[in-house]
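K.L.:
with the sequence up front, the predicted model follows.
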Amino acid sequence: MQRRHFLTSSLAAAAAALTSSDSHAQTPAPKGREYYELRKYRLRSGPQTKLLQSYLENALIPALNRAGFSPIGAFNLDIGPETPATYLLIPSTSLESLVTAELQMVKDEEFMKAAAPFWNAAAAAPAFERIESSLMIAFEGWPKLVVPPVTAQHGKRVFQLRTYESPSNQDHVVKVEMFHKGEFEVFARAGFWQVFFGDTLIGPRLPQLTYMVGYPDLSEIDVKWDAFRADPEWKKLSSLPRYSSESIVDTISNLVLRPASFSQI
């Protein structure tokens, strides 16, 4: 219990410091903003992929839904380093609920039964290589995750997961500010499906932000980005010295993800 209390308190303190909010972990995110856990399962080619997909579809995502987390995104890495890999996106309006979800699921008998093949995998045949996780808070200007319009019909879709790392905390703040000064609107005019925008509170390679945009298929990626770069308001915004990308962003990670058949995003 002491470890659980320490973990929850520590994460709450970190979030409060980074969001200039005095809200507690038990309360909703400030100004209605969601928290996100972005989880990456690193895998080996072979049976691990099938075992993980079964675990997510039949055990973990149903248990998260029962606990009030929805919608859950499950994505397979299509283009990017370290394939195979699967990404899980879990949104929550409560920080405490998010960071204690795994502790609570052991009390869910239905979950424990369905999760047994994955949880009890032998060391000689592990279910995954490693799990990496980041905790984010939604941008003020995009406080909640938006599900693409075709998801409900299981329509064709593909996503980019983009991470911008900045050389300093001040540069990171300026890059986040840039989204709120017109970048969201440029994405909208260019026809992107804007899914979420998250400021990373805890994770590797800080300071950084991560966002997800979607398309009907891969052929639309270049079309949408060409429209984005040609937008007059984007040209005006990006030409301002304050928002020079060379100064405020030094590394960009760009992954292409395809949703699993059971993904809720």
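P.N.:
Alright, I've got the coordinates.

K.L.:
only C-alpha atoms from now on, for both contacts and neighbour counts.
P.N.:
Noted.

K.L.:
what strand or helix carries residue 163?
P.N.:
Per DSSP states H and E, residue 163 falls inside strand 158-165.

K.L.:
what sits up against that strand?
P.N.:
By C-alpha atoms under 8 Å, 6 or more residues apart in numbering, the surrounding residues in contact with strand 158-165 are 172, 205-218, 249-259.

K.L.:
from these, which ones fall inside strands?
P.N.:
Under the assignment DSSP state E, the contacts of strand 158-165 contribute 208-215, 251-259 to strands.

K.L.:
would you map the strands across the stretch 1-150 of the chain?
P.N.:
Taking DSSP state E, counting those that start in this stretch as the test, the strands found in the stretch 1-150 of the chain are 35-42, 73-79, 85-92, 130-138.

K.L.:
so, low pLDDT: which residues of the stretch 101-250 of the chain?
P.N.:
Regions of the stretch 101-250 of the chain meeting the criterion pLDDT under 70 are absent.

K.L.:
pull the helix or strand hosting residue 184 out as CSV, backbone CA atoms only.
P.N.:
Here residue 184 is covered by helix 184-190, with elements defined by DSSP H and E. What follows is helix 184-190, C-alpha atoms only, in CSV (Å, rounded to 0.1, in the frame of the first residue of the first chain):
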residue,chain,number,x,y,z
PHE,A,184,-4.8,22.9,-35.2
GLU,A,185,-6.7,24.9,-37.8
VAL,A,186,-4.1,24.2,-40.4
PHE,A,187,-4.4,20.4,-39.8
ALA,A,188,-8.2,20.8,-40.1
ARG,A,189,-8.1,22.7,-43.4
ALA,A,190,-5.7,20.1,-44.8
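
K.L.:
show me what that helix is packed against.
P.N.:
Contacts defined by 3 or more C-alpha pairs under 8 Å, 6 or more residues apart in numbering; DSSP states H and E place helix 184-190 against helix 219-230.

K.L.:
and the helix it packs on, what's buried?
P.N.:
By neighbour count on 16 or more other C-alpha atoms under 10 Å, the buried set for helix 219-230 is 221, 224, 227-228.

K.L.:
same question for stretch 128-139.
P.N.:
Under 16+ other C-alpha under 10 Å, the buried positions of stretch 128-139 are 128, 133-139.

K.L.:
what distance separates the opening and closing residues of stretch 91-102?
P.N.:
Terminal residues of stretch 91-102 are spaced 14 Å apart (C-alpha to C-alpha, to the nearest Å).

K.L.:
and it, how far from the chain's centre?
P.N.:
Its chain's C-alpha centre and that of stretch 91-102 lie 14 Å apart, by C-alpha atoms, centre = their mean, to the nearest Å.

K.L.:
what residue lies at the spatial centre of this structure?
P.N.:
By C-alpha atoms, centre = their mean, the chain has its centre lying nearest to residue 38, at 4.1 Å.

K.L.:
got a list of what the spatially closest residue to that residue that is not a sequence neighbour touches?
P.N.:
Nearest non-adjacent residue to residue 38, counting by C-alpha to C-alpha, 6 or more residues apart in numbering: residue 89, 4.7 Å away. In this structure, residue 89 makes contact with 36-39, 72-74, judged by C-alpha under 8 Å, 6+ apart.

K.L.:
over to residue 41?
P.N.:
85-87, 128-132.

K.L.:
ok, residue 247 next?
P.N.:
Contacts for residue 247 were tallied using C-alpha under 8 Å, 6+ apart; they are residue 171.

K.L.:
could you list the buried residues of the helix or strand hosting it?
P.N.:
In this assignment (DSSP H and E), residue 247 forms part of helix 245-248. Residues residue 248 are the ones in helix 245-248 that count as buried (16+ other C-alpha under 10 Å).

K.L.:
repeat that for stretch 61-73.
P.N.:
Residues 61-64, 69-73 are the ones in stretch 61-73 that count as buried (16+ other C-alpha under 10 Å).
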